[in-house]
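Undergrad: whatever this is, show me its structure:
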Amino acid sequence: MLHHLLHPLKLAWGERIALFWPIWAAITAIGVMLVIRVVPARSNTPLEQTEHQRHCWSRADTIAAVFLCLFLGCYVAGSLVWEDFTYYDNSHFTNGTLVGHDIPRQISPEAGRFWPLGHQEFNLLRHFTHSITGYHALRIFQVLFMCAILLFLDGELSVRARVGLILLLLITPSILISFSGLIYPEANVMFWLVCLMWSVKSFEQSRSIAWAMAAMIASQFLLYYKETAFLLLFGFAAGRLLLRCWRINDAGWDFKRLQDPESRLDLCLAFMVVPYFLYYLAAMFPTFGMGYNKESRLPLFQVIVSYLKLDVVVWILVAATAVRIVLILRRRVLPSPFWDGLALAGIGCFASYVILHMVSSYYLAPVDLIAVLYLGRLAFLSIGTTHVAFRLCALALLSLVCLQDCSLSWFRMYERKNVIHAKAEIGHVIEGRYKSDPQSVRRLFFPFANSFHIMEFASYLSYIGVPVEELPAGSRTGIGVFLAGKTIQKDGPCGYRAFVCHPGQTPGSGDLVVVLPDDLTSIDESNRYRLGGSALLFSYDPRPPIPQCARPFVNHLHVVSPVFSNQRLPDSWLKASVSIWN
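TA: Next comes the predicted model:
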């Protein structure tokens, strides 16, 4: 009898990663049932309706909303310009969903990665569209839906103030990066975080069990899209509980507040971190690797300096929240469990990246979302009661944040669009030459590109119809266009795909020499291959061109670049070419 009971458990344990969807659905169902059991149903006593919910929009509010719609139209149109499947990690699509294969669940015990919902939405989307516009439609929907929620979320602010905060959010570099690309899980984290905020806020106003269930479902999506998302959920729920139980007028704590419907919902949300951690430990067992962190780890001083250059608003959030918590503990100001809880969650998430010594231009997108909403709310609500010196200080900080956001966002989008466009044009030049005469495209030589960039470009070539040499399951080298590069150390797969790379110091006669726009090289070195001993087929210069007088300023913005964040921009930045070696 015991054997018959243990056998299915052993099978389930052995397939614990493959069975993610049933496990996730079961955990989510348990969470929803917990909410139904613990959170009381709505009472017959009507809740107070605030005045701002009954106010009609003024003419200025309508104009602000119309301006936001126009801005969003330009935002969406700009996100689609020059888009193609040539950006970093787009081999998930060109080698996966676009050719009929699902993207595997993002669980890697060796690397220590556990974000199983990552990219899974594209496994569904591939059944409806194969176009770049169709793939971006998901991100467009997310950003539009998120803006619609934020336009009505905080009724204490005027519509103009809410529109202003949304505009600032949209130009924040980390948020712009997340929604302009396809491979950033932070876009999903922000989307479900805003849905969670909306559900919790609606529950506070209506006490409807349906909104409590919606909050639970949103939290379950949020948790499994990024490893650090549990800090957002737990920090938000635990922060709200602590702030709600803090006595405002008397010493000590009022733990009777734990019986409030809002507290019961927070307890349910915080509790769901437990099954998340149990599943995480089970999935990582027995490896518990930290390969991804070791590869990305930087010195602490460099991490702090980088985040100062990338994200001033996060440091302002830390300072403002610290001051406010001190004032709350001294009973000088009233806590706002919802907004102060969000701020504590954001700081916890930011602290995790600092502790892990990890930096990226998009990691802090959910924290930036919280920071802009929280700080903007404090500024707008207190602007009429503060000293003129405080207003000037706030204006100076706002100017600094706007200057940093606009400059870094412009740089990142300028680089992104030119990298995508240049690689797409190079790919089509090679495709056209191959289709007219396959024998004229036998070998591609990459004098500067590393194996990852070669792999991604090879995946795009294969997708558009240029057969690239692959290593099939039988370990025999397949037939196709050969790939060679100076940075390749030995014959073998280019990265984690099946495309084969070969080492080579010089191109051979008839080789197509490919200089990519993100190659780390100088003009003089690239010209050796573009002009010396070769016939130029195609040349690409960044568009629109940057005036020489502006180049020193642009060079200081490299911290937001995905390739050149830790080094100066080469003078061949964004220049590309294809030539025939004679």
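Undergrad: show me where the stretch 51-200 of the chain has its strands.
TA: Here the stretch 51-200 of the chain has its strands, by DSSP state E, counting those that start in this stretch, at 107-108, 113-114.
Undergrad: now what about the last one, what contacts it?
TA: Looking back up the chat, that one is strand 113-114. Strand 113-114 is contacted from outside by 106-108, 227, 280, 283-284, 292, using CB atoms under 8 Å, 6 or more residues apart in numbering. Every C-beta, even on glycine, is put in place using the N, C-alpha and C of the backbone.
Undergrad: swap the cut-off to 6 Å and go again
TA: In this structure, residues lying in contact with strand 113-114 by CB atoms under 6 Å, 6 or more residues apart in numbering are 107, 227, 280, 283, 292.
Undergrad: ok, back up a step: among the strands of the stretch 51-200 of the chain, which is nearest Arg59?
TA: Proximity to Arg59 (CB to CB) singles out strand 113-114 among the strands of the stretch 51-200 of the chain, at 50.7 Å.
Undergrad: show me what the mean pLDDT comes to for that closest one.
TA: Across strand 113-114, pLDDT averages out at 94.
Undergrad: each with direction, which strands does it pair with?
TA: Its sheet considered, strand 113-114 pairs with strand 107-108 (antiparallel) by DSSP bridges.
Undergrad: count the residues that sit near Gly348.
TA: 19 (other CB atoms under 10 Å).
Undergrad: which helix or strand contains it?
TA: helix 337-355 (DSSP states H and E).
Undergrad: next, the buried residues of that helix.
TA: Of all the residues in helix 337-355, those buried under the rule 16 or more other CB atoms under 10 Å are 337-350, 352-353.
Undergrad: shaky segments in the stretch 351-500 of the chain?
TA: Scanning the stretch 351-500 of the chain for pLDDT under 70 picks out the ranges 473-478.
Undergrad: the strands in the protein, which residues?
TA: 107-108, 113-114, 443-446, 482-485, 492-493, 500-503, 512-515, 534-540, 576-581 (DSSP state E).
Undergrad: got TSV for those strands, with mean neighbour count and distance to Glu456 too?
TA: Below are the strands of the chain laid out as TSV (neighbours: other CB atoms under 10 Å; distance: least, CB to CB, whole Å):
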stretch	mean neighbour count	distance to Glu456
strand 107-108	19	19
strand 113-114	20	19
strand 443-446	24	12
strand 482-485	22	12
strand 492-493	14	13
strand 500-503	19	12
strand 512-515	26	13
strand 534-540	15	17
strand 576-581	22	14
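Undergrad: of all the ones you listed, which one is nearest Thr133?
TA: strand 534-540 (23.1 Å).
Undergrad: contacts for that closest one next, please.
TA: 422, 429, 513, 576-581.
Undergrad: can you list the domains in the chain?
TA: Annotated domains of the chain cover 27-41+58-385, 437-581 [automatic domain parsing].
Undergrad: distance across the last one, terminal residue to terminal residue?
TA: Counting by CA to CA, to the nearest Å, you get 17 Å between the two ends of domain 437-581.
Undergrad: over to the first one?
TA: Between the opening and closing residues of domain 27-41+58-385 we find a distance of 47 Å, counting by CA to CA.
Undergrad: so where's the stretch 1-150 of the chain shaky on pLDDT?
TA: The model of the stretch 1-150 of the chain has pLDDT under 70 over residues 1-7, 9, 43-55.
Undergrad: about what we covered before: for the strands of the stretch 51-200 of the chain, which one sits closest to Leu444?
TA: strand 107-108 (30.0 Å).
Undergrad: how near is Leu520 to Ala322?
TA: 40 Å (CB to CB, to the nearest Å).
Undergrad: neighbour count: those two, which is higher?
TA: The neighbour comparison of Leu520 against Ala322 (other CB under 10 Å) goes to Leu520, with 17 against 12.
Undergrad: that one and Thr487: what is the separation?
TA: 10 Å.
Undergrad: likewise Asp518?
TA: For Asp518, the distance to Thr487 equals 13 Å [CB to CB].
Undergrad: so where's the longest helix in the chain?
TA: In the chain, taking DSSP state H as the definition, the longest helix is helix 388-436.
Undergrad: angle of it against strand 534-540?
TA: 140 degrees (axes from the mean of the first three to the mean of the last three CA atoms, to 10 degrees).
Undergrad: name the helices or strands packed onto helix 388-436?
TA: The contact analysis (3 or more CB pairs under 6 Å, 6 or more residues apart in numbering; DSSP states H and E) places helix 388-436 against helix 173-180, helix 312-329, strand 576-581.
Undergrad: out of the ones you listed, deepest packed?
TA: Stretch with highest mean neighbour count among those: helix 173-180 (a mean of 26; mean count of other CB atoms under 10 Å).
Undergrad: ok, of the contacts of strand 113-114, which one's closest to Met33?
TA: Tyr280 (22.0 Å).
Undergrad: so who does the closest one touch?
TA: Per CB under 6 Å, 6+ apart, neighbours of Tyr280: Phe114.
Undergrad: hmm, Leu381 and Ala161 touching each other?
TA: No - contact between Ala161 and Leu381 fails when scored by CB atoms under 6 Å: they sit 9.0 Å apart.
Undergrad: and the two? Which one has more around it.
TA: Ala161 (19 against 14).
Undergrad: what's the spacing between the residue nearest the centre of the chain and Gly291?
TA: Centroid check for the chain by CA atoms, centre = their mean gives Glu186 as the closest residue, at 2.9 Å. With the distance defined as CB to CB, Glu186 ends up 21 Å from Gly291.
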